[in-house]
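A.B. asks: Requesting a structural model of the entry that follows:
(one chain, ligands or ions: 1)
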Amino acid sequence: MQETRGAGGNAAPQQLVGQCSVTIIHLPTVLIALVTGYAMLVLDLFLARRSLMADRPELRTWAYGSLLLLLGLLAIPLRRWIPLGPAILLGNGLMAMGLTVYGQALHQFVCQRNLPRATWILFGSGLLLMAWTALHTTSYAYYAAAASFWFALLLVPTLHVLWRNAWKLEPSLRTLSVMLGVCCAALTARGAHALMEPGRYVDLMQPGWTQGLTLLTAFLALIGVSFGFLLANFERTQRQMEQLASHDELTGCYNRATARSMLEHLLDRCRRERTPMALVLLDLDHFKRVNDEHGHLVGDLVLRRFSEAVRLRLRASDVFGRMGGEEFCIGLPLTDRAGALELAEDLRQTIAALLMPGRNGLPLQITVSAGVVAIGSMQLEDLDTTVELLYGTADDLLYRAKHLGRNRVMIA
Ligand SMILES: Nc1nc2c(ncn2[C@@H]2O[C@H](COP(=O)(O)OP(=O)(O)OP(=O)(O)O)[C@@H](O)[C@H]2O)c(=O)[nH]1
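C.D. replies: The predicted structure follows:
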(Lines give C-alpha, C1' and ligand atoms only; values in the text may rest on other atoms or scores of the structure.)
Protein backbone atom coordinates (compact mmCIF):
# COMPACT_ATOMS: atom_id res chain seq x y z
CA MET A 1 0.00 0.00 0.00
CA GLN A 2 1.19 3.54 -0.56
CA GLU A 3 -0.19 7.04 -0.22
CA THR A 4 -0.64 9.53 -3.05
CA ARG A 5 0.82 12.76 -1.91
CA GLY A 6 -0.31 15.14 -4.62
CA ALA A 7 2.41 17.44 -5.91
CA GLY A 8 5.55 17.23 -3.79
CA GLY A 9 6.00 13.77 -2.22
CA ASN A 10 7.19 15.27 1.10
CA ALA A 11 4.01 17.21 1.85
CA ALA A 12 3.22 17.73 5.53
CA PRO A 13 0.22 15.80 6.98
CA GLN A 14 -1.92 18.98 7.24
CA GLN A 15 -1.34 19.68 3.57
CA LEU A 16 -2.28 16.13 2.74
CA VAL A 17 -5.67 16.58 4.36
CA GLY A 18 -6.18 19.77 2.42
CA GLN A 19 -5.28 18.00 -0.85
CA CYS A 20 -7.66 15.12 -0.11
CA SER A 21 -5.05 12.36 -0.08
CA VAL A 22 -6.29 8.90 -1.15
CA THR A 23 -4.91 5.60 0.04
CA ILE A 24 -4.16 3.40 -2.93
CA ILE A 25 -3.02 -0.16 -3.42
CA HIS A 26 -0.04 -0.42 -5.73
CA LEU A 27 -1.18 -3.04 -8.23
CA PRO A 28 2.19 -4.11 -9.68
CA THR A 29 3.30 -4.90 -6.10
CA VAL A 30 0.06 -6.81 -5.50
CA LEU A 31 0.65 -8.76 -8.69
CA ILE A 32 4.22 -9.67 -7.73
CA ALA A 33 3.01 -10.77 -4.26
CA LEU A 34 0.23 -12.90 -5.74
CA VAL A 35 2.51 -14.54 -8.31
CA THR A 36 5.02 -15.35 -5.56
CA GLY A 37 2.25 -16.71 -3.31
CA TYR A 38 0.80 -18.92 -6.05
CA ALA A 39 4.26 -20.12 -7.12
CA MET A 40 4.93 -21.24 -3.53
CA LEU A 41 1.50 -22.83 -3.31
CA VAL A 42 2.04 -24.78 -6.54
CA LEU A 43 5.42 -25.96 -5.24
CA ASP A 44 3.89 -27.01 -1.89
CA LEU A 45 1.04 -28.86 -3.57
CA PHE A 46 3.22 -30.76 -6.01
CA LEU A 47 5.62 -31.72 -3.20
CA ALA A 48 2.74 -32.81 -0.88
CA ARG A 49 1.22 -34.76 -3.72
CA ARG A 50 4.43 -36.68 -4.31
CA SER A 51 4.96 -37.64 -0.67
CA LEU A 52 1.42 -38.25 0.54
CA MET A 53 -1.15 -38.16 -2.16
CA ALA A 54 -0.61 -41.10 -4.47
CA ASP A 55 -4.16 -42.10 -3.51
CA ARG A 56 -5.57 -38.57 -3.27
CA PRO A 57 -6.54 -37.67 -6.86
CA GLU A 58 -8.42 -34.57 -5.64
CA LEU A 59 -5.15 -33.03 -4.48
CA ARG A 60 -3.54 -33.69 -7.85
CA THR A 61 -6.49 -31.93 -9.52
CA TRP A 62 -6.10 -29.01 -7.09
CA ALA A 63 -2.38 -28.74 -7.88
CA TYR A 64 -3.21 -28.40 -11.60
CA GLY A 65 -5.91 -25.81 -10.80
CA SER A 66 -3.34 -23.75 -8.88
CA LEU A 67 -0.87 -24.05 -11.75
CA LEU A 68 -3.52 -22.69 -14.15
CA LEU A 69 -4.20 -19.74 -11.82
CA LEU A 70 -0.46 -19.03 -11.60
CA LEU A 71 -0.14 -19.10 -15.40
CA GLY A 72 -3.19 -16.79 -15.63
CA LEU A 73 -1.49 -14.29 -13.28
CA LEU A 74 1.78 -14.58 -15.21
CA ALA A 75 -0.11 -13.79 -18.43
CA ILE A 76 -1.18 -10.34 -17.13
CA PRO A 77 2.07 -8.52 -18.10
CA LEU A 78 1.62 -9.78 -21.69
CA ARG A 79 -0.72 -6.79 -22.15
CA ARG A 80 2.37 -4.68 -22.68
CA TRP A 81 3.30 -6.54 -25.83
CA ILE A 82 0.10 -7.95 -27.35
CA PRO A 83 -3.32 -6.29 -27.88
CA LEU A 84 -5.48 -5.98 -24.76
CA GLY A 85 -8.33 -8.25 -25.97
CA PRO A 86 -6.28 -11.41 -26.69
CA ALA A 87 -4.10 -10.81 -23.61
CA ILE A 88 -7.16 -10.55 -21.34
CA LEU A 89 -8.76 -13.55 -23.01
CA LEU A 90 -5.67 -15.68 -22.40
CA GLY A 91 -5.09 -14.58 -18.78
CA ASN A 92 -8.74 -14.74 -17.72
CA GLY A 93 -9.31 -17.98 -19.62
CA LEU A 94 -6.48 -19.65 -17.69
CA MET A 95 -7.76 -18.28 -14.36
CA ALA A 96 -11.35 -19.33 -15.06
CA MET A 97 -10.12 -22.78 -16.03
CA GLY A 98 -8.15 -22.90 -12.74
CA LEU A 99 -11.29 -22.02 -10.73
CA THR A 100 -13.31 -24.66 -12.59
CA VAL A 101 -10.65 -27.27 -11.87
CA TYR A 102 -10.76 -26.23 -8.17
CA GLY A 103 -14.52 -26.85 -8.28
CA GLN A 104 -13.92 -30.31 -9.77
CA ALA A 105 -11.43 -31.19 -6.99
CA LEU A 106 -13.81 -29.98 -4.25
CA HIS A 107 -16.74 -31.90 -5.70
CA GLN A 108 -14.62 -35.07 -5.80
CA PHE A 109 -13.48 -34.51 -2.23
CA VAL A 110 -16.82 -33.55 -0.69
CA CYS A 111 -19.33 -35.74 -2.50
CA GLN A 112 -17.26 -38.11 -4.68
CA ARG A 113 -18.95 -36.69 -7.77
CA ASN A 114 -17.73 -34.74 -10.77
CA LEU A 115 -18.49 -31.07 -11.17
CA PRO A 116 -21.97 -30.61 -12.71
CA ARG A 117 -21.75 -30.38 -16.49
CA ALA A 118 -23.50 -26.98 -16.27
CA THR A 119 -20.34 -25.50 -14.72
CA TRP A 120 -18.22 -26.55 -17.70
CA ILE A 121 -20.91 -25.07 -19.97
CA LEU A 122 -20.68 -21.87 -17.92
CA PHE A 123 -16.92 -21.90 -18.38
CA GLY A 124 -17.28 -22.30 -22.18
CA SER A 125 -20.00 -19.64 -22.44
CA GLY A 126 -17.93 -17.22 -20.36
CA LEU A 127 -14.97 -17.75 -22.65
CA LEU A 128 -17.17 -16.97 -25.69
CA LEU A 129 -18.57 -13.89 -23.94
CA MET A 130 -15.05 -12.66 -23.18
CA ALA A 131 -14.04 -13.25 -26.81
CA TRP A 132 -17.10 -11.30 -27.97
CA THR A 133 -16.26 -8.48 -25.53
CA ALA A 134 -12.69 -8.46 -26.87
CA LEU A 135 -13.99 -8.08 -30.43
CA HIS A 136 -16.61 -5.42 -29.72
CA THR A 137 -15.16 -3.17 -27.08
CA THR A 138 -11.87 -1.76 -25.98
CA SER A 139 -13.25 -0.64 -22.61
CA TYR A 140 -11.26 -2.30 -19.85
CA ALA A 141 -14.17 -1.70 -17.41
CA TYR A 142 -16.38 -4.11 -19.38
CA TYR A 143 -13.64 -6.74 -19.44
CA ALA A 144 -13.16 -6.36 -15.70
CA ALA A 145 -16.90 -6.62 -14.99
CA ALA A 146 -17.44 -9.59 -17.33
CA ALA A 147 -14.44 -11.52 -15.98
CA SER A 148 -15.31 -10.84 -12.33
CA PHE A 149 -18.95 -11.98 -12.69
CA TRP A 150 -17.81 -14.98 -14.71
CA PHE A 151 -15.31 -16.05 -12.01
CA ALA A 152 -17.87 -15.53 -9.23
CA LEU A 153 -20.52 -17.57 -11.08
CA LEU A 154 -18.08 -20.43 -11.63
CA LEU A 155 -17.68 -20.72 -7.85
CA VAL A 156 -21.41 -20.87 -7.08
CA PRO A 157 -22.01 -24.66 -7.67
CA THR A 158 -19.01 -25.48 -5.47
CA LEU A 159 -20.16 -23.08 -2.75
CA HIS A 160 -23.56 -24.74 -2.85
CA VAL A 161 -22.07 -28.22 -2.37
CA LEU A 162 -19.82 -26.96 0.43
CA TRP A 163 -22.58 -25.19 2.36
CA ARG A 164 -24.67 -28.36 2.23
CA ASN A 165 -21.94 -30.82 3.24
CA ALA A 166 -18.90 -29.10 4.74
CA TRP A 167 -20.27 -28.98 8.30
CA LYS A 168 -20.55 -32.77 8.42
CA LEU A 169 -17.03 -33.46 7.11
CA GLU A 170 -13.47 -32.37 7.95
CA PRO A 171 -13.36 -29.20 10.16
CA SER A 172 -10.95 -27.46 7.72
CA LEU A 173 -13.70 -27.46 5.10
CA ARG A 174 -15.66 -24.96 7.20
CA THR A 175 -13.02 -22.23 7.00
CA LEU A 176 -12.45 -23.19 3.39
CA SER A 177 -16.15 -22.57 2.64
CA VAL A 178 -16.04 -19.17 4.33
CA MET A 179 -12.91 -18.18 2.38
CA LEU A 180 -14.47 -19.29 -0.89
CA GLY A 181 -17.55 -17.20 -0.02
CA VAL A 182 -15.28 -14.19 0.63
CA CYS A 183 -13.60 -14.71 -2.76
CA CYS A 184 -16.97 -14.90 -4.51
CA ALA A 185 -18.20 -11.73 -2.74
CA ALA A 186 -15.01 -9.80 -3.60
CA LEU A 187 -15.31 -10.76 -7.28
CA THR A 188 -18.99 -9.76 -7.38
CA ALA A 189 -18.16 -6.41 -5.73
CA ARG A 190 -15.41 -5.80 -8.30
CA GLY A 191 -17.78 -6.57 -11.20
CA ALA A 192 -20.50 -4.27 -9.83
CA HIS A 193 -18.02 -1.48 -9.09
CA ALA A 194 -16.52 -1.68 -12.59
CA LEU A 195 -20.00 -1.20 -14.09
CA MET A 196 -20.93 1.62 -11.72
CA GLU A 197 -17.67 3.53 -11.98
CA PRO A 198 -16.02 2.61 -15.29
CA GLY A 199 -13.73 5.64 -14.94
CA ARG A 200 -11.83 3.83 -12.20
CA TYR A 201 -11.25 0.83 -14.50
CA VAL A 202 -9.35 2.36 -17.39
CA ASP A 203 -6.44 -0.02 -16.83
CA LEU A 204 -5.61 -2.86 -14.44
CA MET A 205 -2.63 -0.96 -13.07
CA GLN A 206 -4.61 2.26 -12.52
CA PRO A 207 -4.00 3.66 -9.02
CA GLY A 208 -6.99 3.49 -6.65
CA TRP A 209 -8.10 1.27 -3.86
CA THR A 210 -11.24 -0.61 -4.92
CA GLN A 211 -9.69 -2.44 -7.84
CA GLY A 212 -6.64 -3.45 -5.86
CA LEU A 213 -8.56 -4.34 -2.72
CA THR A 214 -11.08 -6.60 -4.46
CA LEU A 215 -8.38 -8.35 -6.49
CA LEU A 216 -6.16 -8.79 -3.46
CA THR A 217 -9.04 -10.08 -1.32
CA ALA A 218 -10.25 -12.53 -3.97
CA PHE A 219 -6.84 -14.05 -4.69
CA LEU A 220 -5.66 -14.10 -1.07
CA ALA A 221 -8.91 -15.81 -0.09
CA LEU A 222 -8.19 -18.38 -2.81
CA ILE A 223 -4.75 -19.04 -1.31
CA GLY A 224 -6.54 -19.52 2.05
CA VAL A 225 -8.94 -21.93 0.35
CA SER A 226 -5.96 -23.89 -0.99
CA PHE A 227 -4.32 -24.26 2.41
CA GLY A 228 -7.72 -25.26 3.84
CA PHE A 229 -7.98 -27.92 1.14
CA LEU A 230 -4.49 -29.24 1.92
CA LEU A 231 -5.39 -29.45 5.62
CA ALA A 232 -8.69 -31.18 4.86
CA ASN A 233 -6.77 -33.78 2.83
CA PHE A 234 -4.37 -34.39 5.72
CA GLU A 235 -7.34 -34.68 8.12
CA ARG A 236 -9.04 -37.21 5.88
CA THR A 237 -5.87 -39.28 5.47
CA GLN A 238 -5.38 -39.32 9.24
CA ARG A 239 -8.99 -40.36 9.83
CA GLN A 240 -8.68 -43.15 7.28
CA MET A 241 -5.48 -44.40 8.92
CA GLU A 242 -7.15 -44.43 12.35
CA GLN A 243 -10.08 -46.31 10.86
CA LEU A 244 -7.73 -48.83 9.23
CA ALA A 245 -5.86 -49.39 12.48
CA SER A 246 -8.98 -50.12 14.53
CA HIS A 247 -11.48 -51.57 12.06
CA ASP A 248 -11.73 -54.56 9.78
CA GLU A 249 -11.49 -53.27 6.22
CA LEU A 250 -13.92 -55.78 4.69
CA THR A 251 -16.81 -55.59 7.13
CA GLY A 252 -16.27 -52.26 8.91
CA CYS A 253 -16.48 -54.01 12.33
CA TYR A 254 -13.83 -53.50 15.00
CA ASN A 255 -10.78 -55.66 14.36
CA ARG A 256 -9.74 -58.33 16.86
CA ALA A 257 -7.36 -56.16 18.92
CA THR A 258 -9.79 -53.23 19.19
CA ALA A 259 -12.75 -55.51 19.98
CA ARG A 260 -10.72 -57.16 22.78
CA SER A 261 -9.85 -53.84 24.39
CA MET A 262 -13.44 -52.54 23.99
CA LEU A 263 -14.70 -55.71 25.72
CA GLU A 264 -12.22 -55.11 28.59
CA HIS A 265 -13.62 -51.57 28.98
CA LEU A 266 -17.16 -52.92 28.86
CA LEU A 267 -16.47 -55.47 31.57
CA ASP A 268 -14.80 -52.80 33.78
CA ARG A 269 -17.74 -50.46 33.33
CA CYS A 270 -20.35 -53.12 34.15
CA ARG A 271 -18.33 -54.18 37.19
CA ARG A 272 -18.17 -50.55 38.41
CA GLU A 273 -21.85 -49.85 37.75
CA ARG A 274 -23.00 -53.34 38.87
CA THR A 275 -24.99 -53.88 35.69
CA PRO A 276 -25.31 -57.13 33.72
CA MET A 277 -23.59 -57.80 30.41
CA ALA A 278 -23.41 -60.57 27.82
CA LEU A 279 -21.09 -61.85 25.13
CA VAL A 280 -22.26 -63.50 21.92
CA LEU A 281 -19.89 -65.41 19.64
CA LEU A 282 -21.17 -65.94 16.09
CA ASP A 283 -19.70 -68.20 13.42
CA LEU A 284 -21.03 -68.67 9.88
CA ASP A 285 -21.81 -72.31 9.08
CA HIS A 286 -19.99 -74.17 6.33
CA PHE A 287 -18.43 -70.96 5.07
CA LYS A 288 -15.66 -72.91 3.36
CA ARG A 289 -18.34 -74.37 1.10
CA VAL A 290 -19.54 -70.85 0.15
CA ASN A 291 -16.00 -69.99 -0.94
CA ASP A 292 -15.47 -73.29 -2.74
CA GLU A 293 -18.80 -73.26 -4.58
CA HIS A 294 -19.26 -69.54 -5.26
CA GLY A 295 -15.75 -68.10 -5.12
CA HIS A 296 -13.99 -65.76 -2.68
CA LEU A 297 -15.63 -62.61 -4.01
CA VAL A 298 -19.06 -63.98 -3.15
CA GLY A 299 -17.60 -65.12 0.20
CA ASP A 300 -16.50 -61.54 0.89
CA LEU A 301 -19.93 -60.19 -0.10
CA VAL A 302 -21.58 -62.67 2.28
CA LEU A 303 -19.35 -61.45 5.12
CA ARG A 304 -20.28 -57.83 4.35
CA ARG A 305 -24.02 -58.52 4.11
CA PHE A 306 -23.90 -60.56 7.31
CA SER A 307 -22.20 -57.72 9.23
CA GLU A 308 -24.63 -55.14 7.86
CA ALA A 309 -27.59 -57.27 8.96
CA VAL A 310 -26.13 -57.74 12.44
CA ARG A 311 -25.23 -54.06 12.81
CA LEU A 312 -28.80 -53.04 11.94
CA ARG A 313 -30.06 -55.05 14.91
CA LEU A 314 -27.53 -53.71 17.46
CA ARG A 315 -27.51 -50.62 19.70
CA ALA A 316 -24.84 -47.94 19.39
CA SER A 317 -23.34 -48.99 22.74
CA ASP A 318 -22.85 -52.64 21.66
CA VAL A 319 -19.36 -53.78 20.65
CA PHE A 320 -19.29 -55.68 17.35
CA GLY A 321 -15.95 -57.13 16.25
CA ARG A 322 -14.55 -59.58 13.72
CA MET A 323 -12.35 -62.00 15.61
CA GLY A 324 -10.97 -63.66 12.47
CA GLY A 325 -12.22 -65.44 9.33
CA GLU A 326 -15.96 -65.93 9.68
CA GLU A 327 -16.09 -65.56 13.49
CA PHE A 328 -17.59 -62.44 15.09
CA CYS A 329 -18.27 -61.38 18.67
CA ILE A 330 -20.76 -58.97 20.20
CA GLY A 331 -20.40 -57.38 23.63
CA LEU A 332 -23.79 -56.36 25.05
CA PRO A 333 -23.86 -53.91 27.97
CA LEU A 334 -26.95 -53.76 30.23
CA THR A 335 -28.15 -57.11 28.88
CA ASP A 336 -29.21 -60.08 31.00
CA ARG A 337 -29.43 -63.76 30.01
CA ALA A 338 -32.97 -63.52 28.58
CA GLY A 339 -32.15 -60.40 26.54
CA ALA A 340 -28.96 -61.91 25.13
CA LEU A 341 -30.73 -65.14 24.17
CA GLU A 342 -33.52 -63.19 22.47
CA LEU A 343 -31.03 -61.13 20.48
CA ALA A 344 -28.90 -64.13 19.43
CA GLU A 345 -31.98 -66.10 18.35
CA ASP A 346 -33.28 -63.08 16.47
CA LEU A 347 -29.95 -62.72 14.65
CA ARG A 348 -29.88 -66.43 13.81
CA GLN A 349 -33.34 -66.16 12.20
CA THR A 350 -32.52 -62.92 10.37
CA ILE A 351 -29.37 -64.43 8.86
CA ALA A 352 -31.15 -67.66 7.85
CA ALA A 353 -33.77 -65.55 6.03
CA LEU A 354 -31.18 -63.43 4.16
CA LEU A 355 -31.10 -64.08 0.41
CA MET A 356 -27.82 -63.23 -1.26
CA PRO A 357 -26.71 -63.42 -4.90
CA GLY A 358 -24.38 -66.40 -5.40
CA ARG A 359 -22.38 -67.49 -8.44
CA ASN A 360 -24.27 -66.89 -11.74
CA GLY A 361 -26.93 -64.94 -9.82
CA LEU A 362 -28.18 -68.09 -8.05
CA PRO A 363 -29.75 -67.30 -4.66
CA LEU A 364 -27.53 -68.13 -1.73
CA GLN A 365 -28.57 -68.65 1.89
CA ILE A 366 -26.36 -69.06 4.91
CA THR A 367 -26.86 -69.94 8.57
CA VAL A 368 -25.00 -69.00 11.71
CA SER A 369 -24.26 -70.73 15.03
CA ALA A 370 -23.89 -68.84 18.29
CA GLY A 371 -22.47 -69.31 21.80
CA VAL A 372 -23.87 -66.91 24.41
CA VAL A 373 -22.62 -66.15 27.89
CA ALA A 374 -24.36 -63.68 30.21
CA ILE A 375 -23.13 -62.45 33.58
CA GLY A 376 -24.99 -60.66 36.38
CA SER A 377 -23.69 -58.69 39.34
CA MET A 378 -22.74 -61.86 41.28
CA GLN A 379 -20.22 -63.05 38.68
CA LEU A 380 -19.00 -59.49 38.11
CA GLU A 381 -17.89 -59.27 41.71
CA ASP A 382 -15.70 -62.30 41.15
CA LEU A 383 -12.42 -60.87 39.89
CA ASP A 384 -11.63 -64.16 38.14
CA THR A 385 -14.33 -63.27 35.61
CA THR A 386 -12.24 -61.91 32.75
CA VAL A 387 -12.85 -61.34 29.07
CA GLU A 388 -10.62 -64.36 28.40
CA LEU A 389 -12.89 -66.52 30.55
CA LEU A 390 -16.11 -65.22 28.99
CA TYR A 391 -14.68 -65.66 25.52
CA GLY A 392 -13.53 -69.21 26.31
CA THR A 393 -17.00 -70.14 27.66
CA ALA A 394 -18.77 -68.67 24.62
CA ASP A 395 -16.33 -70.52 22.34
CA ASP A 396 -17.12 -73.87 24.06
CA LEU A 397 -20.84 -73.20 23.60
CA LEU A 398 -20.31 -72.31 19.96
CA TYR A 399 -18.41 -75.56 19.46
CA ARG A 400 -21.34 -77.47 20.95
CA ALA A 401 -23.78 -75.64 18.67
CA LYS A 402 -21.70 -76.70 15.67
CA HIS A 403 -21.49 -80.24 16.96
CA LEU A 404 -25.26 -80.47 17.42
CA GLY A 405 -25.92 -79.63 13.77
CA ARG A 406 -25.28 -75.83 13.43
CA ASN A 407 -27.85 -73.03 12.84
CA ARG A 408 -28.55 -72.88 16.57
CA VAL A 409 -27.86 -70.84 19.70
CA MET A 410 -26.33 -72.34 22.86
CA ILE A 411 -26.35 -70.36 26.12
CA ALA A 412 -24.61 -70.95 29.43
N1 LIG B 1 -14.14 -65.00 1.27
C2 LIG B 1 -13.50 -65.00 2.46
N3 LIG B 1 -13.28 -66.17 3.08
C4 LIG B 1 -12.67 -66.17 4.27
C5 LIG B 1 -12.25 -64.97 4.87
N6 LIG B 1 -11.66 -65.28 6.06
C7 LIG B 1 -11.71 -66.63 6.18
N8 LIG B 1 -12.34 -67.18 5.11
C9 LIG B 1 -12.61 -68.59 4.81
O10 LIG B 1 -13.56 -69.11 5.75
C11 LIG B 1 -13.46 -70.52 5.71
C12 LIG B 1 -13.62 -71.04 7.12
O13 LIG B 1 -13.68 -72.43 7.02
P14 LIG B 1 -13.78 -73.39 8.29
O15 LIG B 1 -12.93 -72.82 9.39
O16 LIG B 1 -13.47 -74.77 7.81
O17 LIG B 1 -15.25 -73.25 8.76
P18 LIG B 1 -16.63 -73.57 8.05
O19 LIG B 1 -16.48 -74.07 6.66
O20 LIG B 1 -17.47 -72.35 8.22
O21 LIG B 1 -17.19 -74.71 8.92
P22 LIG B 1 -17.92 -74.60 10.32
O23 LIG B 1 -17.43 -73.36 11.00
O24 LIG B 1 -17.54 -75.83 11.04
O25 LIG B 1 -19.38 -74.53 10.03
C26 LIG B 1 -12.08 -70.83 5.12
O27 LIG B 1 -12.28 -71.41 3.84
C28 LIG B 1 -11.41 -69.48 4.99
O29 LIG B 1 -10.58 -69.42 3.83
C30 LIG B 1 -12.49 -63.73 4.18
O31 LIG B 1 -12.15 -62.63 4.63
N32 LIG B 1 -13.13 -63.80 2.98
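A.B. asks: who touches the residue lying closest to V368 once chain neighbours are set aside in this structure?
C.D. replies: Leaving aside its chain neighbours, V368 sits nearest to I351 (4.7 Å; criterion: Cβ to Cβ, 6 or more residues apart in numbering). For every residue, glycine as well, the C-beta is placed using N, CA and C. Applying Cβ atoms under 8 Å, 6 or more residues apart in numbering to I351 gives the contacts F306, A309, V310, I366, T367, V368.
A.B. asks: Drop anything exposed from the residues you listed.
C.D. replies: Buried subset of these (neighbour count, 16 or more other Cβ atoms under 10 Å): F306, V310, I366, V368.
A.B. asks: In space, what's closest to whichever residue of the chain sits closest to the ligand - neighbours in sequence excluded?
C.D. replies: Across the chain, the shortest distance to the ligand (Cβ to the nearest ligand atom) belongs to G299, at 2.5 Å. The spatial neighbour of G299 that comes closest, neighbours along the chain excluded (Cβ to Cβ, 6+ apart), is N291 at 4.2 Å.
A.B. asks: how about the helices in the stretch 1-150 of the chain?
C.D. replies: Under the criterion DSSP state H, counting those that start in this stretch, the stretch 1-150 of the chain contains helices at 13-18, 27-52, 57-74, 84-111, 117-136, 140-165.
A.B. asks: any idea how far the closest residue to T137 other than its chain neighbours lies from L187?
C.D. replies: Spatial nearest neighbour of T137, excluding adjacent residues (Cβ to Cβ, 6+ apart): Y143 at 7.8 Å. Distance of Y143 to L187, given as Cβ to Cβ, to the nearest Å: 14 Å.
A.B. asks: Of the two, give the one with the bigger neighbour count.
C.D. replies: Taking neighbours as other Cβ atoms under 10 Å, Y143 and L187 compare with L187 leading, 27 against 23.
A.B. asks: part of a helix, is the more buried one?
C.D. replies: Yes: according to DSSP: H, G, I helix; E, B strand; the rest coil, L187 belongs to a helix.
A.B. asks: on that earlier part again, adding distance to the ligand as columns, could you present the helices of the stretch 1-150 of the chain in CSV?
C.D. replies: Below are those laid out as CSV (distance: least, Cβ to the nearest ligand atom, whole Å):
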stretch, distance to the ligand
helix 13-18, 78
helix 27-52, 29
helix 57-74, 28
helix 84-111, 30
helix 117-136, 39
helix 140-165, 32
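A.B. asks: Just name the shakiest helix or strand of the protein by mean pLDDT.
C.D. replies: Counting by mean pLDDT, DSSP states H and E, the chain has its least confident helix or strand at strand 2-3, which shows a mean of 38.
A.B. asks: is it true that R305 touches M356?
C.D. replies: Yes: R305 is within contact range of M356, at 5.5 Å (criterion: Cβ atoms under 8 Å).
A.B. asks: got the residues of the stretch 251-400 of the chain near the ligand?
C.D. replies: 283-288, 291, 296, 299-300, 303, 325-326 (Cβ under 6 Å from any ligand atom).
A.B. asks: so which of those residues comes closest to L213?
C.D. replies: The closest of those to L213 turns out to be D300 (Cβ to Cβ; 57.7 Å).
A.B. asks: give the contact list for the closest one.
C.D. replies: Residues near D300 by Cβ under 8 Å, 6+ apart: L250.
A.B. asks: ok, and for whichever strand or helix holds it, which residues are buried?
C.D. replies: Here D300, judged by DSSP states H and E, is contained in helix 296-313. By neighbour count on 16+ other Cβ under 10 Å, the buried set for helix 296-313 is V298, G299, L301, V302, L303, R305, F306, S307, V310.
A.B. asks: How about stretch 382-400?
C.D. replies: For stretch 382-400, by 16+ other Cβ under 10 Å, it's T385, V387, L390, Y391, T393, A394, D395, L397, L398.
A.B. asks: Name the nearest of those residues relative to L204.
C.D. replies: Using Cβ to Cβ, the buried residues of stretch 382-400 come closest to L204 at V387, 70.9 Å.
A.B. asks: Nearest residue to that closest one in space, ignoring adjacent ones along the chain?
C.D. replies: Going by Cβ to Cβ, 6+ apart, V387 has L263 as its nearest residue, at 4.8 Å.
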